[in-house]
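1. Give me a model of this one.
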Amino acid sequence: GSSHLPQQLKFTTSDSCDRIKDEFQLLQAQYHSLKLECDKLASEKSEMQRHYVMYYEMSYGLNIEMHKQAEIVKRLNGICAQVLPYLSQEHQQQVLGAIERAKQVTAPELNSIIRQQLQAHQLSQLQALALPLTPLPVGLQPPSLPAVSAGTGLLSLSALGSQAHLSKEDKNGHDGDTHQEDDGEKSD
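-> Residues are numbered from 1 along each chain as shown. Next comes the predicted model:
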């Protein structure tokens with residue numbers, strides 16, 4: 001009976017070692033899969049951060065462009081207000097009507113303008129690709145396409161959107177001033 005006990009102990013020790021080895025391999029496989037997932041998430045995180053920076057830069061650029069366009073609109077409105085009194089009464093009415101029509105930009109008109117600008121931009125890209133049919137002289141590089149063509153579309157959309165938005169603000173804020181000046185001119 002005593003010779004049977006060490007053999008059973010060896011068998012259970014061997015089984016335990018095999019089970020521990022199997023569990024270790026299972027944990028190692030789980031660790032490896034979690035490490036791969038962690039690496040994948042880290043790369044996605046860095047990609048998201050890169051996109052965030054890119055969108056932040058685009059947003060900042062669009063904001064600057066919007067403020068620039070707002071200042072241009074304000075200056076042009078000032079010029080119109082200064083020049084308008086020097087026109088004849090009939091021309092003043094025509095110009096005021098034209099200014100009001102210019103301020104009434106609708107969404108379909110904006111879509112049409114943006115579509116035309118995108119088509120023109122794409123056409124210019126295609127023409128730039130078709131230009132180097134003959135070999136270029138030594139030292140000249142072929143024209144390259146812009147990195148983000150959607151950004152260009154966004155910039156044009158921003159500029160148009162800011163002009164339309166400003167037109168509404170100007171209509172609410174500046175037309176009253178213009179009409180007061182015109183009323184003063186008319187009473188003289």
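2. can you pull the pLDDT of Leu118?
-> Note on Leu118: pLDDT of 89.
3. If you could redo that for Asp182, that was the one I meant.
-> Value listed for Asp182 in the pLDDT field: 45.
4. now do Ile72
-> At Ile72, pLDDT is 95.
5. Point me to the helix or strand that includes it.
-> helix 4-83 (DSSP states H and E).
6. Pull out the buried positions in the helix or strand following that helix.
-> Sequence order places helix 89-103 as the next helix or strand after helix 4-83, per DSSP H and E. Residues Gln92, Leu96, Ile99, Lys103 are the ones in helix 89-103 that count as buried (16 or more other CB atoms under 10 Å). In short, each C-beta sits where N, CA and C put it, glycine included.
7. quick one: which of the residues you listed is nearest to Lys40?
-> Lys103 (51.8 Å; CB to CB).
8. ok, the closest one to Thr12 distance?
-> According to CB to CB, to the nearest Å, Lys103 and Thr12 sit 91 Å apart.
9. and Leu62, how many neighbours does it have?
-> Leu62 has 18 neighbours, counted by other CB atoms under 10 Å.
10. roughly how far apart are it and Asp39?
-> To Asp39, Leu62 is 35 Å away according to CB to CB.
11. pLDDT below threshold where in this structure?
-> Scanning the chain for pLDDT under 70 picks out 1-11, 131-188.
12. rerun that using 50 as the cut-off
-> Within the chain, the segments meeting pLDDT under 50 span 1, 143-188.
13. what domains does the record give for it?
-> The chain breaks down into these structural domains: 13-85, 90-128 (assignment by the TED database).
14. SS state for Val105?
-> Secondary structure, DSSP: H, G, I helix; E, B strand; the rest coil: Val105 is coil.
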